[in-house]
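[1] How does the following fold in three dimensions:
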Amino acid sequence: MRVVVAGATGLIGSSTVARLRENGVQVVPVSRRHGVDVITGNGLDEALRAAEVVVDLTDAPARTEEAGLRFFRTATTNLLAAAASAGVEHHVVLSVVGAERLRSGYFLAKELQEYQVRKSPIPHSIVRAALSFESLEAMAVADTHPDGVHVAPALVRPVATDDIAAAVAHVAVGLPLFGTLEVAGPEEYRLDDLTAKLLAAKGDARSVVTDARARLFAAEVGRRALLPEPGANIGHTTFSAWLAQR
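    Residues are numbered from 1 along each chain as shown. Next up is the predicted model:
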C-alpha cells in the first residue's frame with residue numbers, strides 16, 4: 001500500500017508517518033521541506049503518482065477564521081484534484097471535534113474542509129480529534145491578558161498527539177468510512193481547570209481567569225461544544241502520563 005501523508009513534518013504528521021512505516025506501509029511524506037507545496041500545487045502530481053491513499057494533516061498558518069478559510073479552500077482543492085488525477089482510492093482528512101457545531105472562527109474553516117472532502121467523488125474518511133494537550137499548552141503560553149490567562153469553562157476530553165496519530169494511521173489502512181470518526185482522551189476536564197494544571201506543571205505563575213466569553217480559535221464555545229459524540233475512539237494517554245512523557 002502506498003500512502004501519501006501531506007503535512008508530514010508536523011507533530012501529528014511525523015508520528016503518523018512513523019506508525020505507518022512500523023506496520024510496513026510505503027509512505028510518501030509531503031511538505032514544503034520535501035519540495036511539495038499544497039497551496040501552489042508545486043510537486044503535488046508527482047508526489048501522488050501511484051498513491052492509493054492520501055492522508056491530509058496540513059494546517060493553516062494561523063488558527064483564525066480568515067487564515068483557515070483561505071488555506072483550506074486552496075490546499076484541499078489542490079490535494080483533491082491531484083488525488084483524482086492519480087486515481088487515489090481513499091482520502092483521509094484530520095478535522096477537529098466541534099467543527100459542525102461551532103460555526104465561526106477556525107472551526108468554520110475546518111467545516112469547509114470537511115465539506116470539500118465529502119462532495120468529492122473520492123471515497124473519504126474524516127477523523128475529528130479533540131483538543132490535544134500540545135495545542136492547549138500552546139494556547140495558554142500565547143495568551144496575553146494582563147490579569148491572567150482567560151479560558152472558557154467548556155468541557156473537554158484532551159487527547160495526546162500520539163493517540164491521534166494512531167487513529168489516523170488505523171483509518172488510513174482500512175476501508176473508507178464515508179463518514180466521521182472522532183478521537184478523544186480518556187479523561188474529561190473543564191478547560192479552565194486543565195489550563196491551570198498545565199501552567200502549574202510548567203512553573204508558570206500566571207493565574208487562570210474563568211471567562212465564559214473567552215474565545216477558542218476565534219470562536220465562542222458552549223459548555224459541551226468540544227465534547228465528542230458517543231462512540232468516539234478513546235485514546236490511552238492520561239494527562240499525568242502525558243506530563244511524565246514530557
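
[2] His48 contacts Ala84, correct?
    For residue 48 the amino acid is Leu, not His. No: contact criterion Cβ atoms under 8 Å: Leu48 and Ala84 do not qualify, at 9.6 Å. To be clear about C-beta, it is placed using only N, CA and C from the backbone, and glycine gets the same treatment.

[3] what about the two, which has more around it?
    Using other Cβ atoms under 10 Å as the criterion, Leu48 and Ala84 rank with Leu48 on top: 24 against 14.

[4] Can you report how many residues neighbour Gly24?
    The burial count for Gly24: 8, using other Cβ under 10 Å.

[5] What is the neighbour count of the residue nearest to Val38 when sequence neighbours are not counted?
    Leaving aside its sequence neighbours, Val38 sits nearest to Ala75 (Cβ to Cβ, 6 or more residues apart in numbering; 4.2 Å). Ala75: 23 surrounding residues under other Cβ under 10 Å.

[6] just the one 3 residues further on next, same as before
    Neighbouring residues of Asn78 were enumerated by other Cβ under 10 Å; the total is 19.

[7] confidence score at it?
    pLDDT recorded at Asn78 is 98.

[8] show me what contacts it?
    38-39, 41, 44 (Cβ atoms under 8 Å, 6 or more residues apart in numbering).

[9] can you rerun that using 10 Å?
    6, 37-42, 44-45 (Cβ atoms under 10 Å, 6 or more residues apart in numbering).

[10] could you say which helix or strand contains it?
    For Asn78, the host element (DSSP states H and E) is helix 65-86.

[11] Next: Ser95.
    strand 90-96.

[12] same question, Val4
    Using DSSP H and E, Val4 falls in strand 2-6.

[13] for Leu136, same thing?
    helix 133-142.

[14] Next, the angle strand 90-96 makes with that helix.
    40 degrees (axes from the mean of the first three to the mean of the last three Cα atoms, to 10 degrees).

[15] need the helices for the protein, in chain order.
    11-22, 44-47, 65-86, 105-119, 133-142, 161-172, 191-202, 239-245 (DSSP state H).

[16] List the buried residues for the third one?
    It refers to helix 65-86. Within helix 65-86, the residues scored as buried using 16 or more other Cβ atoms under 10 Å are 65, 68-72, 75-76, 78-80, 82-83, 86.

[17] ok and that helix relative to strand 90-96, angle-wise?
    170 degrees.

[18] and the closest residue to Ala62 other than its chain neighbours, what does it touch?
    Of all residues not flanking Ala62 in the chain, Gly68 sits nearest, at 7.6 Å (Cβ to Cβ, 6+ apart). Contacts for Gly68 (Cβ under 10 Å, 6+ apart) come out as 59-62, 105-113, 217-218.

[19] and what of Leu227?
    For Leu227, the contacting residues are 97-98, 101, 130, 154-157, 182, 184, 188, by Cβ under 10 Å, 6+ apart.

[20] Understood, closing this out.
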